[in-house]
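Novice: when you get a sec, could you give me coordinates for this:
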Amino acid sequence: MIYCDTSFLLPLYVARDVFHQAASAQAAQLVDGIPYTLLGELELINGLRRLLAGKIITPAEYDRAFRQIDEDVRDGILRHASLHQGEHFQKARELSKKFTPALQARSLDILHVAAALLLEARHFYSFDAKQRLLAEQAKLTLNKLPLA
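Specialist: Reported below is the predicted structural model:
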């Protein structure tokens with residue numbers, strides 16, 4: 001299984017994002033659906049809303065992105081994945097204790113890596129260099145992707 005954080009998911013739905021082509025090319029090679037956790041959903045939707053509010057995308061692009069997300073959920077490209085909140089936060093606390101002193105890991109990065117580990121993902125897709133470092137330290141296999 002491949003876990004995709006929001007820095008990978010958002011460019012899939014925003015054509016003008018600098019990572020759109022790289023994300024699309026990688027996603028086209030995926031065989032299984034992408035786990036779509038509540039955390040991923042919140043961040044993706046909030047990211048789109050922020051882009052609209054900042055006038056980085058147009059209302060038409062915003063609407064198109066939401067239609068595509070809905071279609072991808074229906075088609076199983078985005079696959080709802082449930083995590084038990086207590087287990088998720090326990091794993092995040094463990095990662096924080098182990099890695100934050102050296103890496104200065106951010107909370108949302110820790111939560112994404114914890115989700116990937118709990119979902120037993122083999123690979124971690126992210127364009128965020130700091131998050132990739134945390135994922136690598138947590139023994140997740142990274143893709144060759146350009147970094148933010």
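Novice: just checking, what's the longest helix in the chain?
Specialist: Using DSSP state H, we find that the single longest helix of the chain is helix 85-103.
Novice: residues in contact with that one?
Specialist: Identification of contacts with helix 85-103 by Cβ atoms under 8 Å, 6 or more residues apart in numbering yields 105, 107, 110-111, 113-115, 117-118, 130, 133-134, 137-138. C-beta: built from backbone N, CA, C; applies to glycine.
Novice: in a markdown table: those residues, plus distance to residue 39, neighbour count and pLDDT.
Specialist: Shown next, in a markdown table, are the contacts of helix 85-103 (distance: Cβ to Cβ, whole Å; neighbours: other Cβ atoms under 10 Å; pLDDT from 0 to 100):
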| residue | distance to residue 39 | neighbour count | pLDDT |
| --- | --- | --- | --- |
| 105 | 15 | 22 | 96 |
| 107 | 11 | 10 | 97 |
| 110 | 11 | 24 | 98 |
| 111 | 6 | 22 | 98 |
| 113 | 11 | 28 | 98 |
| 114 | 9 | 23 | 98 |
| 115 | 6 | 22 | 98 |
| 117 | 13 | 20 | 98 |
| 118 | 11 | 18 | 98 |
| 130 | 17 | 15 | 93 |
| 133 | 19 | 17 | 95 |
| 134 | 15 | 25 | 97 |
| 137 | 20 | 15 | 96 |
| 138 | 16 | 19 | 97 |
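Novice: put together JSON lines for those, with secondary structure on each row.
Specialist: Formatted as JSON lines, the contacts of helix 85-103 follow (DSSP: H, G, I helix; E, B strand; the rest coil):
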{"residue": "105", "secondary structure": "coil"}
{"residue": "107", "secondary structure": "helix"}
{"residue": "110", "secondary structure": "helix"}
{"residue": "111", "secondary structure": "helix"}
{"residue": "113", "secondary structure": "helix"}
{"residue": "114", "secondary structure": "helix"}
{"residue": "115", "secondary structure": "helix"}
{"residue": "117", "secondary structure": "helix"}
{"residue": "118", "secondary structure": "helix"}
{"residue": "130", "secondary structure": "helix"}
{"residue": "133", "secondary structure": "helix"}
{"residue": "134", "secondary structure": "helix"}
{"residue": "137", "secondary structure": "helix"}
{"residue": "138", "secondary structure": "coil"}
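Novice: thank you kindly, that will do.
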